[in-house]
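>>> Build me a model:
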Amino acid sequence: MDYVTAVPHPRAQAAAPARSGRRSLAVALLSGSLGAAVALLATRQRWSQGTATVAGGDFPLTVRGSDVTGVPAALAIVGLAALVAVFAVRKAGRLLVSALLTLSGAGIVAAALLGASDGSALDEKAAEASGDTSAAVDVFTHTAWPYVTAAGGALILLAGLLALRYGPLWPVMSGRYERDGTPRPRRAAPAVDPDRPEDLWKALDRGEDPTGAGPA
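The predicted structure is shown next:
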């Protein structure tokens, strides 16, 4: 008994990578831009709080993410710039920019998780409030915002991994503006009317022979 093996249609095979490229591009753009926005917003929120003893009384202190560490906000801007630059470069340049995007996301995650347990910013505020450089915070708690920042970094990291995997399938923003190296066709010289003196003078200015015998 003979069996017939189904052969995929060439068009279907060619369309599969294109669909994967479009889907990965949409996900990378959404996750990268959303991750950068989340990270920037979360670093402006209150990350930790505590109390310090000042003049015999308890003094409440709070610090924002930007007071704890400036790394997440800086890397969020770098990641957003890298996300845009991915479409302006190709081949090796795209690979390097995709790696930068990935490292930006990983750096945000690491800095946010380390900042969640960092109480040095509160100790500095306690020293400023009490006037004693050795003053420290007695009670220290942190909010959920460091983890929100880490989540934003994870989204940027996802965008970078997608760029590394599917970047070669994505379009190039500047491709339509670049010359492909092919010579442009020369524009045909306007017809010269021998009965119009102005046409004869224009032909001579262009270095042409108005009689048609060749260049002047």
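>>> From Leu41, how far off is Val27?
Going from Val27 to Leu41 by CB to CB, to the nearest Å gives 21 Å. C-beta here means a position set from N, CA and C on the backbone, and glycine is covered the same way.
>>> Kindly apply the preceding question to Thr141 instead.
Taken as CB to CB, the span from Thr141 to Leu41 is 21 Å.
>>> which residues in this structure form strands?
Applying DSSP state E to the chain gives strands spanning 46-54, 57-64, 139-142.
>>> Please identify the deepest-packed of the ones you listed.
Highest mean neighbour count among the strands of the chain (mean count of other CB atoms under 10 Å): strand 46-54, with a mean of 20.
>>> Check which strands are paired with that one and give the direction for each one.
Note on strand 46-54: by DSSP bridges, its sheet partners are strand 57-64 (antiparallel), strand 139-142 (antiparallel).
>>> could you give the mean pLDDT of the longest one?
If you average the pLDDT over strand 57-64, you get 78.
>>> pLDDT below threshold where in this structure?
For the chain, applying pLDDT under 70 flags the ranges 1-20, 54-57, 126, 129-136, 138, 173-216.
>>> Ala163 versus the residue nearest to Ser48 when sequence neighbours are not counted, what's the distance?
Nearest-residue entry for Ser48: His142, 4.3 Å, with adjacent residues in sequence omitted and distances by CB to CB, 6 or more residues apart in numbering. Distance of His142 to Ala163, computed by CB to CB: 32 Å.
>>> likewise Leu114?
Counting by CB to CB, the gap from Leu114 to Ala163 is 26 Å.
>>> between these two, which one's more packed in?
Ala163 (27 against 14; other CB atoms under 10 Å).
>>> follow-up on the earlier one: save the strands paired with strand 46-54 as CSV, and put in distance to Ala151 too.
Shown next, in CSV, are the strands paired with strand 46-54 (distance: least, CB to CB, whole Å):
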stretch, distance to Ala151
strand 57-64, 18
strand 139-142, 15
